[in-house]
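>>> here is my input; please provide its structure:
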Amino acid sequence: MSDADKPATQAPIDDLAVWLTAYQEATVNAAKWKETAERARSEVTARLDAAGADVGLVEGKPAVRWTPIVSKRFDSRRFRAENPTLAEAYVVETESRRFTVVGD
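Numbers count the residues shown, from 1 in each chain. Next comes the predicted model:
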């Protein structure tokens with residue numbers, strides 16, 4: 001029987017209910033702030049792009065940099081498509097755990 005097929009074990013965590021609530025509220029707030037941060041970044045970068053600038057000034061002083069960065073990455077999708085047997089030989093199975101809050 002694999003670990004995935006084992007029945008779930010349970011443990012009482014009544015004393016941690018306040019932490020579970022805090023986690024749920026923080027997750028909601030983090031999502032809201034992420035949206036705000038993305039909007040703010042988009043507004044600033046759009047202005048810098050329109051001006052052809054790498055540095056944004058606030059009150060005449062550098063406040064933000066918007067610089068291009070070049071990186072090289074391995075195209076694993078293409079490699080797998082073109083060399084499926086070789087790609088499979090290098091696949092490593094890993095295990096992780098997912099944290100999920102169970103709804104009411």
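>>> and the helix or strand where Thr85 lies, how far from the chain's centre?
Thr85 belongs to helix 84-89 when assigned by DSSP states H and E. Shown here is helix 84-89, whose average C-alpha point lies 28 Å from the average C-alpha point of the whole chain (CA atoms, centre = their mean, to the nearest Å).
>>> what's in contact with that helix?
76, 79-80 (CB atoms under 8 Å, 6 or more residues apart in numbering). Any C-beta I mention is one placed from the backbone N, CA and C, and that applies to glycine too.
>>> measure the residue most central in space within the chain to Arg47 for me?
Centroid-nearest residue in the chain: Lys34, 10.8 Å away (criterion: CA atoms, centre = their mean). The span separating Lys34 from Arg47 equals 21 Å under the rule CB to CB, to the nearest Å.
>>> what does Pro7 give?
For Pro7, the distance to Arg47 under the criterion CB to CB works out to 56 Å.
>>> between those two, which one's more packed in?
Using other CB atoms under 10 Å, the more surrounded residue of Pro7 and Arg47 is Arg47, with 13 against 6.
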